[in-house]
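Pasting a predicted model and its sequence here:
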Amino acid sequence: MNYQLRLFLVACGVVLTGFAGAGQIKEYKPVTNAESLNPDPGDWIHWRRTPDGQAFSPLTQINKQNVHTLQLVWSWASHDGMTEATPHVRGGIMFLPQASGGVQALDAVTGDLLWDYHLGLAKADIGEGSGNTRVTGLGNAAGLSRPMRNLAFWGDKVYTATSIHQGGKLVALDAKTGKVVWEQPVGYGHSAGPIAADGKIVLGTTNCQEFSKADPPCFIAALDAETGKEIWKTSTIQRPGEGGPDSWSGIPLMFRRGGENWGAGSYDPKTRLVYFGTAQAKPWIPYQRHTDGTALYTSSTLALDIDTGKIAWYYQAIPGEAYDMDETFERILIDYDGKSSVFEMGKIGILWEMDRRTGQYRSAHDLGYQDQGHIDPKTGQLVYDRLPQQGVPISFCPGVSGFKNWRAMAYYPKTYAVFIPLQLWCTTGVPAPPIEQKEGGGGTGGFRNSKSSFHPTRPDGTGEFAAMDIRNGKILWSHKTRTPPTTSAMTTAGGLVVVGNFNRNTYFYEAETGKILYQVRLPGPPVGSPTTYMVNGRQYVAIPLGTGSMGGWMRTPPGLMPDIRAQSQRWEFFPNGVHVFALPQPPRK
């Protein structure tokens with residue numbers, strides 16, 4: 001169905017939803033617990049390939065010696081709507097997340113469609129960080145949906161989570177046919193998919209910024225992988241009277257908002273803990289939310305017991321957050337030098353390290369671009385040097401989109417490096433008045449008359465891709481580009497690191513030096529998370545394309561650099577789909 005017809009049907013009040021089968025998969029090998037913990041090198045069944053979140057592939061067929069010979073072998077245009085997809089692969093089948101929680105299954109060698117679980121476009125939705133503002137306008141394809149970044153796999157099922165306008169459900173699909181096995185309302189909505197761990201499907205929530213009687217306000221939940229029955233649910237907001245001294249200045253639970261999860265979690269079978277990041281408190285600025293407390297458990301890392309959901313430990317990186325600096329993205333689990341650590345970096349551009357078992361602070365490495373505060377040498381937490389004051393214009397770096405957003409880092413064990421996609425710009429705005437505390441109110445608050453500007457260190461560009469040594473915070477190399485990265489990073493044992501940017505480029509770097517070994521330009525900005533896989537002895541690299549999620553990371557580059565055109569149409573009409581590359585095959589004899 002073409003885009004114009006789809007919009008016409010929406011305009012007539014028709015909501016396109018449900019399952020449209022194109023076929024089915026003849027053979028599918030169920031994912032066992034052992035395989036979930038240690039996936040086949042040729043598969044990509046977790047958001048970051050493995051449950052530790054490293055996004056490192058052991059495949060070596062495509063390497064730094066031959067990557068320059070890559071060729072496009074197939075491509076696929078997927079449904080309209082917001083997409084930031086991860087192309088997952090299991091046993092030669094690609095499972096591609098679609099807008100708002102849909103899924104398509106494709107032959108990973110040929111690109112042929114096998115089945116299509118399509119949810120269609122709804123009339124409106126609540127965007128991440130948009131408060132109570134609803135996106136409307138039938139001419140805006142992106143505004144009719146929300147992204148879904150990843151899927152989960154367990155047994156003979158594939159799991160997706162739906163956006164708020166699709167009911168905020170966890171859906172289990174038959175991996176062979178795409179038919180619904182069960183679906184379970186979870187609450188609110190989702191833009192990051194679930195993770196599979198020990199027979200449980202675990203996921204966080206978004207869109208919980210509105211003042212309501214809902215308890216918990218925002219949460220992480222685990223459901224039984226076979227039945228969908230809820231096993232546990234843990235609030236990401238401290239309730240009155242629990243978890244020690246009250247950190248919300250005594251305000252009622254109804255007005256404690258935020259703590260969403262924009263990224264999927266990680267899992268360590270040794271500690272039996274799942275690790276999630278949480279977003280800032282809502283409204284953004286302390287006086288707007290009528291509290292001067294630290295607002296637990298926002299802007300934190302939470303380690304939850306996989307069996308009970310109990311918080312084993314938490315580490316709050318930015319107490320009492322005031323500038324919309326989420327710390328809710330990927331958690332990377334790394335063992336090195338006799339230590340077991342969890343690493344994370346959020347919008348403000350500081351790499352934090354904690355002990356994976358206890359949560360004890362180990363290190364914090366500031367990229368040096370932010371001007372909001374300093375690191376406490378004892379706790380590692382950010383301490384603000386200044387706070388926004390109502391009605392007083394303020395400029396701050398990073399801007400509300402952050403230096404590091406949901407585009408995830410990747411780890412390369414050989415050099416102990418994480419590779420960080422960065423966008424460098426700042427914001428000037430006027431802090432808005434306090435938010436009235438009434439049911440149905442709430443939202444982000446934030447700044448009025450906001451305007452983005454170049455970072456002082458980069459007057460003519462906004463993009464950087466940096467390699468940082470996790471042991472000491474040293475920048476091993478960086479590549480600066482006019483436009484920012486728009487994908488997560490991926491590393492391989494072939495000595496490669498891959499990332500795409502707004503200007504339609506995908507770069508294949510030599511991981512150790514940062515040398516560009518291969519570069520390809522696609523029809524639109526690569527958006528989502530590149531992956532690599534192997535089928536029948538041939539390695540492939542999948543690069544997803546998409547509209548993104550209408551965030552400033554997609555809107556700001558053309559505003560600051562109008563000479564940069566990602567394509568001839570507006571950014572919300574960027575093509576969705578995937579391009580798949582491989583080395584040339586030898587000629588047939």
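The structure has been received and is ready for your questions. Remember, it's a predicted structure, so these values are computed and weren't measured experimentally. Residues are numbered from 1 along each chain as shown.

Next, the buried residues of stretch 232-239.
232, 234-238 (16 or more other CB atoms under 10 Å). The way it works is simple: take the backbone N, C-alpha and C, and place the C-beta from them, glycine included.

Now do that stretch: distance from first to last residue.
Using CA to CA, to the nearest Å, the end-to-end distance of stretch 232-239 comes to 17 Å.

and it, how far from the chain's centre?
Distance of stretch 232-239 from the chain centroid (CA atoms, centre = their mean, to the nearest Å) equals 21 Å.

and if you look at stretch 253-262?
Averaging C-alpha positions (CA atoms, centre = their mean) puts stretch 253-262 18 Å from its chain's average.

Stretch 361-368 too?
Put simply, stretch 361-368 sits 22 Å off its chain's centre (CA atoms, centre = their mean).

Using PDB, list the CA coordinates for that stretch.
Extracted in PDB, the C-alpha atoms of stretch 361-368 (Å, rounded to 0.1, in the frame of the first residue of the first chain):
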ATOM      1  CA  TYR A 361      31.300   4.100  42.100                       C
ATOM      2  CA  ARG A 362      34.600   3.400  40.300                       C
ATOM      3  CA  SER A 363      35.300   6.200  37.800                       C
ATOM      4  CA  ALA A 364      33.800   9.100  35.800                       C
ATOM      5  CA  HIS A 365      35.400  10.500  32.700                       C
ATOM      6  CA  ASP A 366      34.100  13.800  31.300                       C
ATOM      7  CA  LEU A 367      34.500  14.400  27.600                       C
ATOM      8  CA  GLY A 368      35.100  18.100  28.500                       C
END
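
Report the rounded mean pLDDT for that stretch.
For stretch 361-368, mean pLDDT rounds to 98.

ok, and what's touching it?
315, 339, 341, 349-355, 375, 379-381, 403, 420, 422, 466, 468, 472-473, 475 (CB atoms under 8 Å, 6 or more residues apart in numbering).

can I assume residue 62 is in contact with residue 68?
No - Residue 62 is beyond contact range of residue 68, at 10.4 Å (criterion: CB atoms under 8 Å).

quick check, residue 297 in a strand?
No - read with DSSP: H, G, I helix; E, B strand; the rest coil, residue 297 is coil and lies in no strand.

So, low pLDDT: which residues of the chain?
Scanning the chain with the threshold set as pLDDT under 70 gives 1-22, 121-144, 550-551, 567-573, 589.

who touches the closest residue to residue 227 other than its chain neighbours in this structure?
Once flanking residues are discounted, residue 227 sits nearest to residue 182: 6.9 Å by CB to CB, 6 or more residues apart in numbering. By CB under 8 Å, 6+ apart, the contact set of residue 182 is 171-172, 227-228.

Of the residues you listed, which belong to strands?
Of those, the ones assigned to strands by DSSP state E are 171-172.

so residue 238 makes contact with residue 250?
No - counting by CB under 8 Å, residue 238 does not reach residue 250; the two are 11.6 Å apart.

Give me the common contacts of those two.
Joint contacts of residue 238 and residue 250 (CB under 8 Å, 6+ apart) do not exist.

thinking again about what came up before, look at residue 62 and residue 68 and report which has more neighbours.
The neighbour comparison of residue 62 against residue 68 (other CB atoms under 10 Å) goes to residue 62, with 27 against 11.

so residue 250 touches residue 240, yeah?
Yes - applying CB under 8 Å, one finds residue 250 in contact with residue 240, separated by 7.4 Å.

who does the helix or strand hosting residue 202 touch, helix- and strand-wise?
Secondary structure from DSSP states H and E places residue 202 in strand 200-204. Secondary-structure packing of strand 200-204 (3 or more CB pairs under 8 Å, 6 or more residues apart in numbering; DSSP states H and E): strand 169-174, strand 195-197, strand 219-224.

can you rerun that using 7 Å?
When contacts are defined as 3 or more CB pairs under 7 Å, 6 or more residues apart in numbering; DSSP states H and E, strand 200-204 sits against strand 219-224.

what angle sits between the strand it packs on and strand 169-174?
Between strand 219-224 and strand 169-174, the angle comes out at 30 degrees (axes from the mean of the first three to the mean of the last three CA atoms, to 10 degrees).

Go through strand 219-224 and flag the buried ones.
For strand 219-224, the neighbour count (16+ other CB under 10 Å) marks 219-223 as buried.

Need the residues that contact that strand.
Outside strand 219-224, the residues within contact range by CB atoms under 7 Å, 6 or more residues apart in numbering are 170, 184, 186, 200-205, 229-236, 261, 276, 304, 309.

same thing but at 8 Å, please
Applying CB under 8 Å, 6+ apart, the external contacts of strand 219-224 come out as 170, 184, 186-187, 199-205, 229-236, 261, 265, 274, 276, 302, 304, 306, 309.

Check those residues for burial and list the buried ones.
Buried subset of these (neighbour count, 16+ other CB under 10 Å): 170, 184, 186-187, 200-205, 231-232, 234-236, 261, 265, 274, 276, 302, 304, 306, 309.

Surely residue 215 is in contact with residue 253?
Yes - contact criterion CB under 8 Å: residue 215 and residue 253 qualify, at 6.3 Å.

anything in contact with each of those two?
Taking CB under 8 Å, 6+ apart as the contact rule, residue 215 and residue 253 both touch residue 239.

So between those two, which is more surrounded?
Legend: neighbour count by other CB under 10 Å for residue 215 and residue 253, higher for residue 253 (19 against 11).

so that one touches residue 241, yeah?
No - using CB under 8 Å, residue 253 makes no contact with residue 241, being 9.7 Å away.

follow-up on the earlier one: quick one, the helix or strand hosting the residue nearest to residue 227 and strand 169-174 angle?
Assigned by DSSP H and E, residue 182 falls within strand 180-185. Relative orientation of strand 180-185 versus strand 169-174 (the same axes, to 10 degrees): 170 degrees.

quick one, strand 180-185 and strand 200-204 angle?
Counting by the same axes, to 10 degrees, strand 180-185 points 40 degrees away from the direction of strand 200-204.

Quickly run through the sheet partners of strand 180-185, with directions.
Note on strand 180-185: by DSSP bridges, its sheet partners are strand 169-174 (antiparallel).

Restricting to C-alpha, output the strand holding residue 202 in PDB.
In PDB, the C-alpha atoms belonging to strand 200-204 read as follows (Å, rounded to 0.1, in the frame of the first residue of the first chain):
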ATOM      1  CA  LYS A 200      11.500 -13.800  31.400                       C
ATOM      2  CA  ILE A 201      10.800 -10.900  29.100                       C
ATOM      3  CA  VAL A 202      11.900  -7.700  30.800                       C
ATOM      4  CA  LEU A 203      11.100  -4.200  29.600                       C
ATOM      5  CA  GLY A 204      10.800  -0.600  30.800                       C
END
